[in-house]
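Asker: A predicted structure for the sequence below; I have some questions about it.
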Amino acid sequence: MMQVLPIQSGATTRECLPPGRLIVLTGPSGVGKGTLMRSLLQRHPELYYSVSVTTRSPRPGEINGKNYYFISRSKFEQLVAQGEFLEWAEFAGNYYGTPREAVLNQVKSGKLVVLEIELEGARQIRRSFPSAQSIFILPPSFDELEKRIRGRAQDAEEAIARRLSCAQTEIQAADEFDMQIVNDDFETALNAIEAAVFG
Ligand code: ADP
Ligand code: 5GP
């Protein structure tokens, strides 16, 4: 039987957050979320970084289980149907999702959990967990964002074009989130995130 998926993304019910905290880092692709996240984790190894599931192909050097869990579209759709994701979305032609159980268990045990996800997923988390803290990372300019995506040199031209076209819309949504941080000077942005999270 053919499986029918909810439109573009899922997980909209309102849920209660147990003792820990959920922090959402969002912003356009190429703005530096992953790099900021890695540096934040180096400074604060006590944070729990949620490894996402994706149908995108691994980039050179990416490791299954460390950067992402890389799976097929059909397997992803099966996991959606089983309610295994806290949020999920389709971005630039691929599915991305946050494993529900692992994240909720970490929050339950009192951990600070950080999700680094795109706009639609971040919106879902805000709807489902209004107490989550959300941070939107902005580029200093659109030209600089393009430079960074190209400079990363890990995406094909078509993937870069898709990411840049999404970025226009994503940036306009920055005000929906609790805090906006411009990633111009890296250390300044990192310190601002650190201050927001550990205040
Ligand atoms: P995202 O995870 O948001 O897609 P990345 O973390 O992969 O973005 O960063 C994209 C590129 O931008 C990387 O090459 C990274 O080294 C670079 N970058 C990140 N922050 C800065 C910054 N503040 N100034 C200049 N380059 C940066
Ligand atoms: P990339 O393909 O560049 O690794 O990621 C593309 C976008 O998907 C980035 O903005 C990244 O933050 C986002 N992303 C990564 N994991 C998830 C996830 O689990 N859920 C959602 N909604 N977005 C994700």
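Answerer: Sure, I can see it. Ligands and ions are numbered 1, 2, ... in the order given.
Asker: host element of whichever residue of the chain sits closest to ligand 2?
Answerer: Nearest residue of the chain to ligand 2: Gly121, at 2.3 Å (C-beta to the nearest ligand atom). All C-beta atoms are positioned from the backbone trio N, CA, C, and that covers glycine. For Gly121, the element it lies in under DSSP states H and E is helix 119-128.
Asker: how many neighbours does the nearest residue to Glu118 once chain neighbours are set aside have?
Answerer: Once flanking residues are discounted, Glu118 sits nearest to Phe91: 4.8 Å by C-beta to C-beta, 6 or more residues apart in numbering. The tally of other residues near Phe91 (other C-beta atoms under 10 Å) stands at 22.
Asker: quick check, Phe91 in contact with Gly97.
Answerer: No. Look at Phe91 against Gly97 with C-beta atoms under 8 Å: they stay out of range, at 10.5 Å.
Asker: for the two, list the residues in contact with both.
Answerer: Shared contacts of Phe91 and Gly97 (C-beta atoms under 8 Å, 6 or more residues apart in numbering): none.
Asker: and the residue of the chain closest to ligand 2, how far is that from ligand 1?
Answerer: Between Gly121 and ligand 1 the computed distance is 14 Å (C-beta to the nearest ligand atom, to the nearest Å).
Asker: got it, and Ala195?
Answerer: Counting by C-beta to the nearest ligand atom, the gap from Ala195 to ligand 1 is 17 Å.
Asker: just say helix, strand or coil for that residue.
Answerer: helix (DSSP: H, G, I helix; E, B strand; the rest coil).
Asker: same check, this time on Leu190
Answerer: Of the three states, Leu190 takes helix under three-state DSSP.
Asker: residues contacting it?
Answerer: Leu36, Ser39, Leu40, Arg43.
Asker: list the contacts of the second one.
Answerer: Taking C-beta under 8 Å, 6+ apart as the criterion, Ser39 is in contact with Phe186, Leu190.
Asker: pick out the residue nearest the middle of the protein.
Answerer: For the chain, the residue nearest the mean C-alpha position is Ile117 (1.0 Å; C-alpha atoms, centre = their mean).
Asker: how many residues are close by the spatially closest residue to that residue that is not a sequence neighbour?
Answerer: Closest residue to Ile117 apart from its sequence neighbours, by C-beta to C-beta, 6+ apart: Thr26 at 5.9 Å. Applying other C-beta under 10 Å, we find 26 residues neighbouring Thr26.
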